[in-house]
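Visitor: Sequence and predicted structure are below.
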Number of protein chains: 4
Amino acid sequence: MNPPDPKITLIVTGGTLDKDYQTTTGELMFCETHLPEMLQQANTTLSIQTHIPMLKDSLDMTDFDRQCIAELCEQADTDSIVISHGTDTMVETARMLSDTLILNNKTIVLTGAMRPYRLGHSDAMFNLGTAIMAAQLADAGVYIAMNGELFQANQVSKNHQKGVFELNV
Amino acid sequence: MNPPDPKITLIVTGGTLDKDYQTTTGELMFCETHLPEMLQQANTTLSIQTHIPMLKDSLDMTDFDRQCIAELCEQADTDSIVISHGTDTMVETARMLSDTLILNNKTIVLTGAMRPYRLGHSDAMFNLGTAIMAAQLADAGVYIAMNGELFQANQVSKNHQKGVFELNV
Amino acid sequence: MNPPDPKITLIVTGGTLDKDYQTTTGELMFCETHLPEMLQQANTTLSIQTHIPMLKDSLDMTDFDRQCIAELCEQADTDSIVISHGTDTMVETARMLSDTLILNNKTIVLTGAMRPYRLGHSDAMFNLGTAIMAAQLADAGVYIAMNGELFQANQVSKNHQKGVFELNV
Amino acid sequence: MNPPDPKITLIVTGGTLDKDYQTTTGELMFCETHLPEMLQQANTTLSIQTHIPMLKDSLDMTDFDRQCIAELCEQADTDSIVISHGTDTMVETARMLSDTLILNNKTIVLTGAMRPYRLGHSDAMFNLGTAIMAAQLADAGVYIAMNGELFQANQVSKNHQKGVFELNV
């Protein structure tokens, strides 16, 4: 039997969600993505096709990186797309995708975490849950799923002081 | 300033999600709900009104308990309702609510966990994320959010052998 | 280069320390021992030789099981021996070893946990640390290391109500 | 009934063990010590008197800080003393204490962690266990308990590349 057609495309780009503590240096770094482990912990029965174009702090993300993410969205075989992304420039990437992509029926949802998955007590699993559900239910468009809410790409900002995403006034 | 009107009503009923290991007896028991701690870990900015009518293994749930849950749904001030519930009779409660409630505009989403939140490596945070998002996005109706998917109450069963929820054939 | 001679013999027998939650049955069971993972987490540089004669709830331990543990102690190449063991009959096994073994220079330390390692918030790592240090520092004899204290085999009881080990009065 | 006389004096000074991830800044910082929580998780029945003179990265520790630690050791009511300390200058503090203190019957054991307690998968609980046991069993002197081993203050160095403590050659 062939595996079922993928229902969700997951594009992993790094961000705080995937950082871990490096004991010899005492710094937070990227070693590998934890998304496959997270999906297993979540007992998902969804067919998910994962791409890992980069593992970067979102402050280090370049125009070329964003172009690469956009192309993966365009080539995706599914209408539901989830992107894991650092929170610092998540809004910037969401807007670039919203401004440049021809979406057809695609629903693209960016999410991330304020505390790394691997450090425990993290919002990563919750946020991933909200993003995966929103990618299946929301109308075509580009969104950010953070703090339990779904924001349209052009209507949201990160409040860096509070560490939460808010509707633009 | 008054607190914002609640956007989501959360009805806590127990289930595996809320169990913890009792060191002196070596058994899994209910002590208190972990939902408030989970919502804090999730950094939700949603206004959530929580009711805790019971903390029960869902195999011990009675018709009276289900009636109590139904009444809390009817009296809820919000259109989005999330119910945490044991997985063993989650489908039974969902069907009873679907068969008896006049929903108006209400979207009711039941969820739970296969592994207790407090024991680590749990699906609880992910499932809560999917349920909270589905309660905001799905059409009026009664649903189950498990394994990353959203099922209509009358179209789903628990596969006890695999430990997952599946569409009825 | 040959590996260094083992400095500590670790005999794994099961007990609460090694139990994990089984999602499909909802019960606590043995799947595999977590001791190697625990030693890696502890960054031990000690040379440790591990034996796993059984993975049992200590209430299910038979005279034959205890005889098997005694023989592993006798055949051990090291003077320092640590035994992981369920707490319910830890005192019984410690006394049997104390009554029957010819110790020569051997220091044998039993330890365990009140909460499984795998469930988080566990005393397992702490107890293992106390046992490994006591096995290196204490005089020849049979001991129990629990609750941060070191007890001689014949002078200790488990207070089942409090869930702690206490000196016999 | 009066509380029992303290059997162990615990001097908390900070170090990696006590750091936590700060979500808004994305940095590892000190907020409060986790030692009381760790002792509770360990189910210790020992009477432990805790002092918290500072919460510092050990690279920031001054001569004045070390003098303060030395005075707390001198004034301690117990023969067993455990000091939590950052690993980078743990050897330096141990040597200073060893060179300047009149120990009488005091056994002083420094320990710490390579990964913060609060980030999970940490060596902190294990190391604390080894230090608390060594402080009760070792002869008077100043020691470092790390990696499951007990080192005399003047015979140990940190191998920064490997992230472990080793006997001086």
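Guide: Now that the structure is in, tell me what you want to look at. Predicted, not measured: the structure shown is a model, and the values here were computed from it.
Visitor: got a list of what residue A:66 touches?
Guide: Residues near residue A:66 by CB atoms under 8 Å, 6 or more residues apart in numbering or on different chains: A:92, A:93, A:96, A:97. (Glycine included, C-beta is placed from N, CA and C.)
Visitor: now with 10 Å?
Guide: A:13, A:89, A:92, A:93, A:95, A:96, A:97, A:100 (CB atoms under 10 Å, 6 or more residues apart in numbering or on different chains).
Visitor: so which helix or strand takes in it?
Guide: Assignment of secondary structure by DSSP states H and E places residue A:66 within helix A:63-75.
Visitor: cool, and residue A:109?
Guide: Here residue A:109 is assigned to strand A:107-111, by DSSP H and E.
Visitor: nearest residue to residue A:122 other than its sequence neighbours?
Guide: residue A:115 (4.4 Å; CB to CB, 6 or more residues apart in numbering or on different chains).
Visitor: Now the one you found, what are its backbone angles?
Guide: phi -130, psi 130 (degrees, to the nearest 10).
Visitor: any idea of the pLDDT on it?
Guide: pLDDT recorded at residue A:115 is 97.
Visitor: list the contacts for the nearest residue to residue A:160 once chain neighbours are set aside?
Guide: Once flanking residues are discounted, residue A:160 sits nearest to residue D:24: 7.2 Å by CB to CB, 6+ apart. Contact partners of residue D:24, counting by CB under 10 Å, 6+ apart, are A:114, A:159, A:160, A:161, A:162, A:163, A:164.
Visitor: Give the closest residue to the second one in space, chain neighbours not counted.
Guide: Take residue A:159 and drop its neighbours on the chain: the residue closest to it by CB to CB, 6+ apart is residue A:166, 5.1 Å away.
Visitor: Give the burial count for that neighbour, as a bare number.
Guide: 16 (other CB atoms under 10 Å in any protein chain shown).
Visitor: I'd assumed it was in a helix, is it?
Guide: No: Residue A:166 is assigned strand when assessed by DSSP: H, G, I helix; E, B strand; the rest coil, not a helix.
Visitor: related to what we said a few turns ago, how about the strand holding residue A:109 and chain D, touching?
Guide: No: on the criterion CB under 10 Å from any CB of the partner chain, strand A:107-111 is out of touch with chain D, staying 15.4 Å away.
Visitor: Tell me which other helices or strands that strand touches.
Guide: Here strand A:107-111 touches strand A:8-12, helix A:63-75, strand A:80-84, helix A:90-100, helix A:124-137, strand A:141-146, strand A:149-152, going by 3 or more CB pairs under 10 Å, 6 or more residues apart in numbering or on different chains; DSSP states H and E.
Visitor: mind running it again at 6 Å?
Guide: strand A:80-84, helix A:124-137, strand A:141-146 (3 or more CB pairs under 6 Å, 6 or more residues apart in numbering or on different chains; DSSP states H and E).
Visitor: Neighbouring strands - and their directions - for the shortest one?
Guide: Partner strands and pairing direction for strand A:80-84 (DSSP bridges) are strand A:8-12 (parallel), strand A:107-111 (parallel).
Visitor: For that strand, list the C-alpha coordinates in CSV.
Guide: Provided in CSV are the C-alpha atoms of strand A:80-84 (Å, rounded to 0.1, in the frame of the first residue of the first chain):
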residue,chain,number,x,y,z
SER,A,80,-2.2,23.2,4.3
ILE,A,81,1.3,24.6,5.0
VAL,A,82,2.9,25.1,8.5
ILE,A,83,6.2,27.0,8.9
SER,A,84,8.2,26.9,12.1
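Visitor: Flag every residue of chain A that's near chain B.
Guide: A:41-46, A:114, A:121, A:123, A:125-126, A:129-130, A:132-134, A:137-138, A:147-148, A:164 (CB under 6 Å from any CB of the partner chain).
Visitor: got a list of what the most centrally placed residue in chain A touches?
Guide: In chain A, the residue lying closest to the centroid (CA atoms, centre = their mean) is residue A:84, at 2.0 Å. Residues in contact with residue A:84 (CB atoms under 6 Å, 6 or more residues apart in numbering or on different chains) are A:12, A:17.
Visitor: partner residues bridging it?
Guide: residue A:12, residue A:111.
Visitor: And it, how close does it get to residue B:164?
Guide: Relative to residue B:164, residue A:84 is positioned 24 Å away (criterion: CB to CB, to the nearest Å).
Visitor: do the same with residue A:99
Guide: Distance from residue A:99 to residue B:164, by CB to CB: 39 Å.
Visitor: The two: who's more crowded?
Guide: Neighbours per residue, other CB under 10 Å: of residue A:99 and residue B:164, the larger number sits with residue B:164, 18 against 10.
Visitor: That one contacts residue B:147, correct?
Guide: Yes: with contacts counted by CB atoms under 6 Å, residue B:164 reaches residue B:147, the gap being 5.2 Å.
Visitor: shared neighbours of these two, which are they?
Guide: residue A:45.
Visitor: Report the contact partners of residue A:86.
Guide: Per CB under 6 Å, 6+ apart, neighbours of residue A:86: A:15, A:57, A:58, A:112.
Visitor: Out of those residues, which comes closest to chain D?
Guide: When the contacts of residue A:86 are compared for distance to chain D (CB to the nearest CB), residue A:57 wins out at 8.8 Å.
Visitor: Report how many residues lie close to the closest one.
Guide: Neighbours of residue A:57 (other CB under 10 Å): 18.
Visitor: SS state for the nearest residue to it once chain neighbours are set aside?
Guide: Using CB to CB, 6+ apart and skipping the chain neighbours, the partner closest in space to residue A:57 is residue A:86 (5.7 Å). Taken by three-state DSSP, the conformation at residue A:86 corresponds to coil.
Visitor: Can you pull the phi/psi pair for residue A:86?
Guide: phi -60, psi 150.
Visitor: measure it to chain C for me?
Guide: 27 Å (CB to the nearest CB, to the nearest Å).
Visitor: And residue A:157, by the same measure?
Guide: Separation of residue A:157 from chain C (CB to the nearest CB): 36 Å.
Visitor: do the same with residue A:36
Guide: 18 Å.
Visitor: Am I right that that residue falls within a helix?
Guide: Yes: assessed with three-state DSSP, residue A:36 lies in a helix.
Visitor: element containing residue A:20?
Guide: Counting by DSSP H and E, residue A:20 is part of strand A:19-22.
Visitor: Would you mind listing the buried residues in that strand?
Guide: Of all the residues in strand A:19-22, those buried under the rule 16 or more other CB atoms under 10 Å in any protein chain shown are A:19, A:20, A:21.
Visitor: can you tell me how far the first one sits from chain C?
Guide: What that stands for is residue A:19. In terms of CB to the nearest CB, residue A:19 sits 19 Å off from chain C.
Visitor: That residue touches residue A:116, doesn't it?
Guide: Yes: using CB under 6 Å, residue A:19 is in contact with residue A:116, at 4.5 Å.
Visitor: Leaving out chain neighbours, which residue sits closest to residue A:44?
Guide: residue B:148 (3.7 Å).
Visitor: re earlier: turn the buried ones among the contacts of residue D:24 into a named ChimeraX selection, would you?
Guide: Those of the contacts of residue D:24 that count as buried under 16+ other CB under 10 Å are selected in ChimeraX with:
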select /A:114,163,164
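Visitor: Pull the most distant pair out of the contacts of residue D:24.
Guide: In those, two members sit farther apart than any others by CB to CB. They are A:114 and A:161, at 12.8 Å.
Visitor: and stretch A:96-107, how far apart are its ends?
Guide: One end of stretch A:96-107 sits 15 Å from the other (CA to CA, to the nearest Å).
Visitor: Much appreciated, bye for now.
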